[in-house]
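Colleague: Sequence first, then the predicted structure:
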Amino acid sequence: MMATNGEKACGVKDESSVSSNGAFGSNSPSAAVNGAAKEASPASKLQNGGAEAAKRFTFTSEPTIEDIRRLQAEFTDERDWNQFHQPRNLLLAMVGEVGEVSELFQWRGEVAEGLPDWTESEREQLGQELSDVLIYLVELAEKCHVDLPQAVLRKMALNRLKYPASKVHGSAKKYTEYKD
Ligand SMILES: Nc1ccn([C@H]2C[C@H](O)[C@@H](COP(=O)(O)OP(=O)(O)OP(=O)(O)O)O2)c(=O)n1
């Protein structure tokens, strides 16, 4: 199944939410807000980016990041490749794969959300290259002993503090550009 084909793999469904303290849960009140199953209040529209969130593309829930870490660890162990998978090598491999993602976009000009003008083969290729990036990212985090799921929650909480929605809504300015 195509990784980028949201219609088959991933229907529209409620999005899980992460609160500002980093808590995560799909059954919290804000999950329903983000999933936009009901009409959103003005405040929640501010949170979820507006009405477009109602038909936002979503992922399937598995594999988790830990699943990906474990599967890649098995792949690496089975090949006796840990001897090559030191942090620096994994970083370079990941950056190489980011370059391969970039190649798919280069010279196309602006690309619309959902890649409407891309062929199925190009979408499949993109799914593969993005997966390569993710696989190396997850293994890099593992080999650096960074608990990536928790680190990403903490970072998103920091982002929320740095960019309060009420202050930056509709603006792409860097936080350093705000005066107060
Ligand atoms: N030493 C290696 C080599 C490969 N892989 C895994 C992780 C990546 O998901 C994928 C990368 O494989 P390639 O280096 O063959 O790169 P591509 O799949 O991108 O092939 P190509 O460079 O031909 O596009 O395989 C790995 O874990 N460790």
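Modeller: Received, thanks.

Colleague: Only C-alpha atoms from now on, for both contacts and neighbour counts.
Modeller: OK.

Colleague: how about the helix or strand where Ile68 lies: buried residues?
Modeller: Here Ile68, judged by DSSP states H and E, is contained in helix 65-78. Residues of helix 65-78 classed as buried: 68-69, 72-73, 76 (neighbour count, 16 or more other C-alpha atoms under 10 Å).

Colleague: Now render those as a markdown table, adding pLDDT.
Modeller: Listed next are the buried residues of helix 65-78 as a markdown table, based on pLDDT from 0 to 100:
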| residue | pLDDT |
| --- | --- |
| Ile68 | 98 |
| Arg69 | 99 |
| Gln72 | 99 |
| Ala73 | 98 |
| Thr76 | 98 |
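
Colleague: Kindly reformat those as CSV and extend each row with distance to Glu177.
Modeller: Formatted as CSV, those follow (distance: C-alpha to C-alpha, whole Å):
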residue, distance to Glu177
Ile68, 38
Arg69, 38
Gln72, 41
Ala73, 42
Thr76, 44
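
Colleague: Pick the one among those residues closest to Arg88.
Modeller: Here the nearest of the buried residues of helix 65-78 to Arg88, counting by C-alpha to C-alpha, is Thr76; it sits at 15.9 Å.

Colleague: packing partners for the helix holding Ile68?
Modeller: Helices and strands touching helix 65-78, by 3 or more C-alpha pairs under 8 Å, 6 or more residues apart in numbering; DSSP states H and E, are helix 120-143.

Colleague: re the thing from before, quick one: buried residues of the next helix or strand after the helix holding Ile68?
Modeller: Sequence-wise, the next helix or strand downstream of helix 65-78 (DSSP H and E) is helix 87-105. Neighbour-count burial for helix 87-105, counted by 16+ other C-alpha under 10 Å, picks out 87, 90-91, 93-94, 97-98, 100-101.

Colleague: Kind regards, and thank you for your time.
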